[in-house]
Each structure stands twice: as C-alpha cells, then as structure tokens.
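Enquirer: Sequence first, then the predicted structure:
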Amino acid sequence: MTEYGRGSGSQPWHPDDPLYGDQGYSGQQQHPQQSQQPQYGHGQQQYGWDPSQSQGGQQQYGQQAGGTYGGGQADYYGTPDGFPQHPQPQHPQQPHGQQPHAQQGHQEAQQLHQAQQQAQQQQHPAPYQPQQEWSEPDEEKISLFDDLPPATARPGEPDGEPGDDRDDRDDRDDEDDEPRSRSRGRGGKKSKKPKKNKRRSGTACLVVAVVLLGVVGGGGYLAYDYWQTHFGAAPDYEGQGSGQVQVEIPKGASLTEMGKVLQEAGVVKSVGAFTNAAAKKAIQPGTYTLHQQMSGAAAVEMMTNAGNFLTIAEGRRAVQIYAAIDGKLGLPAGTTKDVAKNRAKDLGLPAWANTDPKIRDPLEGFLYPSQYSAGKGTKPETILKQMVARANENYAKQDLEGKARELGLKSPLQLITVASLVNAEGMTHDDFRKMARVIYNRLKPTNVETNGKLEFDSTYNYTKNQSKLDLSPKQLRALDDPYNTYFYKGLPPGPIGNPGEQALKAAMDPEPGDWYYFVSINEKTTFTKNLQEHQKLVDEFNKSRKP
C-alpha cells in the first residue's frame, strides 16, 4: 500500500512547476525525475526573473527575461511566493559566449530546488496522485452505538470498489461518517459521500418504537382495566352452565373472596359478575355443588336457595346425618345408612380411619359439619363423598399424628375421638379446652379419682342412640358396651359424633389444669379438682331440677 497522497513512480512535470521550461537553459532541459508539487507561485514563472523580488517592477538577469545569464552578479533564481527565502548564489563573471558557468548555475539551482521541495514536504502534505487508489485513514468514531473498529481493506484490494467479492456492507456501515475531501486530485475519483450509520440508526429507532409501543399499550390496557373495573360491566357467562363442580366456601369469607373461589373453579367468569349479583344476598359458608360457566345470577340463585342445600351442625352423630339426607332427598328411611355401610370403603376415608374392629360406624367423625348441595336428583353417595372430602381437607391442615404422640394418644383417630367427646359434653366453645383437659387427666395411669375411666354420659347415650340426662349410676355402669366409658377404661373405639373445628382445636391444645370433674348448670359449666367439690355441685344441680 502506498503512503497517503504519494505517487508510486515517475510523473511528468506540471506546467505550473517553477522549474518547468527554464528558458535560462535554452528551454531544452526537463526533469522527469521530479515529483509533481503544489503551485504556490502566481502563474508560470521563469528562472530568468521574479516579479516578487524585482526592484522597480521588473528585473532581468542579462539582456532579457528567460535569456542566458549575462554579466554582473545578479540573482539568477527567483523565489516562488510562499517559499522561504534562500541566499542567492554568486558567480564569477565569465567571458561572453562561454557556457560552463550556466551549467554550474543550473546544477546549483537544481540542488536548491530539491532543498525547497524537502522544506515544502515538511510543511505541506503532498497532493494525491491520480493514478493511486484511495487508502482509508483511521477515522475517529462518532456513532453512539459504535463499539467496533472501522473496517479495513485487504492488502492490494480497495475497500468498496466494484468487483470486491466479499460482503463488506456491514463493514462499511461500521465506518464513521467523518467528511472527506471532495476531490482526490486531477483526474482522480471523487471521494465517497459521508455515509450515515443506517443499520445502527434503524436499530435505535426500532428500540425506541418498541419502548413507546409498550408504554402506550400498557397505559391503554391499564386504562381499559380501570374503566372495566370501575365503570364497565363485569365479564359474565350466560345461562345455567353445565356439568358439576364442587367448591368450598370457607367460614368468614367475604363476597369478593367467594367470587375468587368460584372464578378459580370455573363457575363464574369474573369476580364482579358474582359480587354484583350477590350484593344483597346472604350466602352461608359450606360445600356447594354448582355448574361450570354459570352466570353470576344463576350461581347466586343456587347458593341461596335453601331447597338446594343441607346444613349439618357440629357434633351430630352419623345416624342423625343419614336421616337428614334421606329427608332432604325424599328417600325412604335408612337408604343413606345402607349406602354408608355398604360403600364406606369407596367414599374416600383416610387409611387411619378404621383401625379398630369394634368401631360401630367407620364414617363417624368424617361427616364434616357444614352446608352441602342437596338439590333434586342428588344421590346420597354424592353428599357423603362431599362430607368426607371436606373432613380430609380440614384434617390435612393439622398435624394430627404429631399432636397425638405429644398428648399420649395412639393414633389420629383417637384425637378425633377426643374432639367428638369435647363437642358432646361441652356447653359452649369456651368450655372446650377445659373439657379436653379433664379427658387427658382421667386418661392418666396415675388417676385415682376415676381410676382411668372417663365416665361420660354421652358415651352411654351413643350406644343407645339417645340424648338423656337423668341416668342413674347403676344404669350407667351396668351396660357392657365398648363405647360405654362407665364400663370400660380409656377412650371408646372411635368417635361418638362429628366434631367441628373448634372442638378439634381444643383437643389438640387443652388448657392447663388439674380438673377431674365438671357439672353444667343453667348453660354454665363448672370444673372441679376433687370429688368433694364435685358432689356439692351435683347436689346443687339436683335441687335446681326439683319443682
């Protein structure tokens, strides 16, 4: 590659060159070895005279301008404008007609001219030669997105020239946009026009467009969502829907929370569709069997129609629940009880439910008290499955096995059994924790007050399927039944009812105390530590019952 702006070989003199056509040597001698130089003088100059150096307008060396050197010691070489002044050589006079002096002067002038050329090259860059290809100089980066070096041409191969078989478009795009001179010299090609970085500019525009689009789109969506939430109609399905889906409405849930449960189950299309329809309705917690893709109004109608639901209270025995299902569905008495007995294993009981062969009903303790769908055409096993599923869901939230071991019980089923006793004997929820403590105290091996027996009337009534209060001690202790805690020590084989949430919590976390006895008078339960205190309360209770 050649140097910037310099030729690679001999060039003809330009007519504007100061040494071109020196008439002082009869116009016969030219110097092809000299490179073309910029013209700093005014027009063509001859070596015979220099207007800028003459005194009085013109000065001749010899007899005429451009003639031979005559007598005298005159300056024989004019200095072009813009060049530094050099001392003029002095020559001795030669006889007229002799030429050695002219030849010597010519050699000295040539040496002086070469010195001037070197000085010019140091002060001024050499012009571009028309025959040489443009060599790209290093350019300063100006693109904000440019982190790549400028492209370079292959050796011996101009960048961007026709015929270049490599794909250098990307490289040319990476070059900076610094302006170049419009001309490369006489006869040379025009320089490339400044190129804008279209590729990076397009990328930047695309990024800006995407950001703006996201902002506008996001803002539009938020505005639409706000309008729909506050002013627009809530999305809703039409009609009664189809199929069946079971949903659980927790206790204490608000209408919005209910709507979320229904939306997640696919019952309603939006929370607003439900809350708008249920604005003035009272909806009870419980298990509901509804249709999928119902309108909000249809869902509310099913959930508030008392004829479609069966409500089970806390502590109810299984036989009482079976009778309630038969009555709700209009079935013959005993229908649901037979289904429970014959299909108990198919209703979803946990593995630890039936661990004692003396258990009277394996579903006892797993028919969870709540509200259930029981519309026309509902089958008894459907309702029973809902109840067992609800019990499993609530029991799974508790660490039944861990709590049973902590309290000295053998299994989670025994913990449910304690909860059923608490629910049956306690008058209010405030009694439950103390009642649970009485049970655990009587179960201790060190118990000398009752000698390891619970002696609960509720267990005797369970065996008889009754609910009586006036039972004599003799009668209570005479019945030989595994569930009779007056006859057998310890807990009964299984639960004697279906406890609610509060009773189960009390069984898992009994209140500390050393109570062994309790008596309920006028809806108030009093707990005592020994038999003497207990007997006083019993006498008081008997007096209150006399007319």
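Expert: Done, it's in. Numbers count the residues shown, from 1 in each chain.
Enquirer: switch to C-alpha atoms for all contacts and neighbour counts from now on
Expert: Noted.
Enquirer: For my notes, confirm T287 occurs in a helix.
Expert: No: T287: not assigned to a helix; according to DSSP: H, G, I helix; E, B strand; the rest coil it is strand.
Enquirer: wouldn't it be in contact with V245 here?
Expert: No: with contact taken as C-alpha atoms under 8 Å, T287 and V245 are classed as non-touching, separated by 10.4 Å.
Enquirer: Looking only at neighbour counts, state which of the two leads.
Expert: Under the neighbour definition other C-alpha atoms under 10 Å, T287 and V245 were set side by side, and T287 has more, 25 against 14.
Enquirer: need the contact list for the more buried one.
Expert: Neighbouring residues of T287 by C-alpha atoms under 8 Å, 6 or more residues apart in numbering: Q246, V247, E248, I249, S370, Q371, Y372, S373, Q386, R390.
Enquirer: Tell me where the protein is predicted with low confidence.
Expert: Along the chain, segments meeting pLDDT under 70 span 1-109, 112-113, 116-201, 224-232, 546-547.
Enquirer: one step back: switch the contacts of T287 over to CSV; also include secondary structure, distance to K529 and neighbour count.
Expert: Formatted as CSV, those follow (DSSP: H, G, I helix; E, B strand; the rest coil; distance: C-alpha to C-alpha, whole Å; neighbours: other C-alpha atoms under 10 Å):
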residue, secondary structure, distance to K529, neighbour count
Q246, strand, 48, 17
V247, strand, 46, 21
E248, strand, 43, 19
I249, strand, 42, 21
S370, coil, 36, 22
Q371, strand, 39, 19
Y372, strand, 42, 24
S373, strand, 46, 24
Q386, helix, 42, 23
R390, helix, 38, 20
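Enquirer: Columns distance to T275 on top of those residues, output as JSON lines?
Expert: JSON lines is the format used below for these (distance: C-alpha to C-alpha, whole Å):
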{"residue": "Q246", "distance to T275": "19"}
{"residue": "V247", "distance to T275": "16"}
{"residue": "E248", "distance to T275": "17"}
{"residue": "I249", "distance to T275": "14"}
{"residue": "S370", "distance to T275": "22"}
{"residue": "Q371", "distance to T275": "20"}
{"residue": "Y372", "distance to T275": "21"}
{"residue": "S373", "distance to T275": "20"}
{"residue": "Q386", "distance to T275": "25"}
{"residue": "R390", "distance to T275": "25"}
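Enquirer: Tell me the one of these nearest N276?
Expert: Set against N276, the nearest of the contacts of T287 by C-alpha to C-alpha is I249 (17.7 Å).
Enquirer: Next one: H534 from Y440, what distance?
Expert: Distance from H534 to Y440, counting by C-alpha to C-alpha, to the nearest Å: 18 Å.
Enquirer: and if you look at Y237?
Expert: 54 Å.
Enquirer: cool, and L504?
Expert: Separation of L504 from Y440 (C-alpha to C-alpha): 14 Å.
Enquirer: Repeat that for G219.
Expert: 63 Å.
Enquirer: Comparing the two, which residue is more hemmed in?
Expert: Y440 (21 against 12).
Enquirer: Quick check: closest non-adjacent residue to that one.
Expert: Leaving aside its chain neighbours, Y440 sits nearest to L407 (7.9 Å; criterion: C-alpha to C-alpha, 6 or more residues apart in numbering).
Enquirer: Now do that neighbour: how many residues are near it, please.
Expert: Counted with other C-alpha under 10 Å, residues neighbouring L407 total 14.
Enquirer: Check N451 too.
Expert: So N451, with other C-alpha under 10 Å, has 14 neighbours.
Enquirer: cool, V271 as well?
Expert: Neighbours of V271 under the rule other C-alpha under 10 Å: 22.
Enquirer: quick one: the strands in the protein?
Expert: Along the chain, the stretches classed as strands by DSSP state E are 242-249, 286-292, 309-311, 371-373, 517-521, 524-528.
Enquirer: so what are the domain limits for this protein?
Expert: Using automatic domain parsing, the domain ranges for the chain come out as 1-132, 242-304, 410-547.
Enquirer: Quick check: T378 touching L329?
Expert: Yes: counting by C-alpha under 8 Å, T378 does reach L329; the two are 7.1 Å apart.
Enquirer: neighbour-wise, which of these two wins?
Expert: Using other C-alpha under 10 Å as the criterion, T378 and L329 rank with L329 on top: 19 against 14.
Enquirer: you'd agree the more buried one is up against E381?
Expert: No: at 11.7 Å, L329 does not count as touching E381 under the criterion of C-alpha under 8 Å.
Enquirer: any idea how far N342 is from G296?
Expert: Here G296 is placed at a distance of 39 Å from N342 (C-alpha to C-alpha).
Enquirer: So which of those two has more stuff around it?
Expert: Counted by other C-alpha under 10 Å, G296 and N342 do not tie: G296 has more neighbours, with 29 against 10.
Enquirer: Which positions within stretch 504-515 qualify as buried?
Expert: Buried positions in stretch 504-515, judged by neighbour count with 16 or more other C-alpha atoms under 10 Å: L504, A506, A507, M508, D509, P510, E511, D514, W515.
Enquirer: I misspoke; the intended subject was stretch 279-295.
Expert: By neighbour count on 16+ other C-alpha under 10 Å, the buried set for stretch 279-295 is 283-295.
Enquirer: Name the nearest of those residues relative to Q475.
Expert: Set against Q475, the nearest of the buried residues of stretch 279-295 by C-alpha to C-alpha is G286 (40.3 Å).
Enquirer: which residues pair with the nearest residue to the closest one once chain neighbours are set aside across the strands?
Expert: Spatial nearest neighbour of G286, chain neighbours left out: Q371 (4.3 Å); criterion: C-alpha to C-alpha, 6+ apart. On the basis of DSSP bridges, Q371 is bridged to T311.
Enquirer: who's in contact with Q371?
Expert: Taking C-alpha under 8 Å, 6+ apart, we find Q371 in contact with Q284, P285, G286, T287, Y288, F309, L310, T311, I312.
Enquirer: Confirm for me that the fifth one is in contact with E248.
Expert: Yes: distance between Y288 and E248: 6.4 Å, which falls inside the contact criterion (C-alpha under 8 Å).
Enquirer: before we move on, back to that, mind putting the buried residues of stretch 279-295 into a markdown table with distance to V208?
Expert: Shown next, in a markdown table, are the buried residues of stretch 279-295 (distance: C-alpha to C-alpha, whole Å):
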| residue | distance to V208 |
| --- | --- |
| I283 | 52 |
| Q284 | 54 |
| P285 | 53 |
| G286 | 54 |
| T287 | 53 |
| Y288 | 52 |
| T289 | 53 |
| L290 | 50 |
| H291 | 49 |
| Q292 | 45 |
| Q293 | 43 |
| M294 | 45 |
| S295 | 44 |
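Enquirer: between those, which is nearest C205?
Expert: Q293 (45.9 Å).
Enquirer: contacting residues for the closest one?
Expert: Listed by C-alpha under 8 Å, 6+ apart, the contact set of Q293 reads Y237, E238, Q240, G241, S242, G266, V267, V268, K269.
Enquirer: how does it look with 7 Å?
Expert: Q293 is in contact with Y237, G241, G266, V267, V268, K269, counting by C-alpha atoms under 7 Å, 6 or more residues apart in numbering.
Enquirer: which among those end up buried?
Expert: Buried among these (16+ other C-alpha under 10 Å): Y237, G241, G266, V267, V268, K269.
Enquirer: Can you add distance to T336 and give those residues back as TSV?
Expert: Compiled in TSV, the buried ones among the contacts of Q293 are given as follows (distance: C-alpha to C-alpha, whole Å):
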residue	distance to T336
Y237	36
G241	29
G266	30
V267	29
V268	32
K269	35
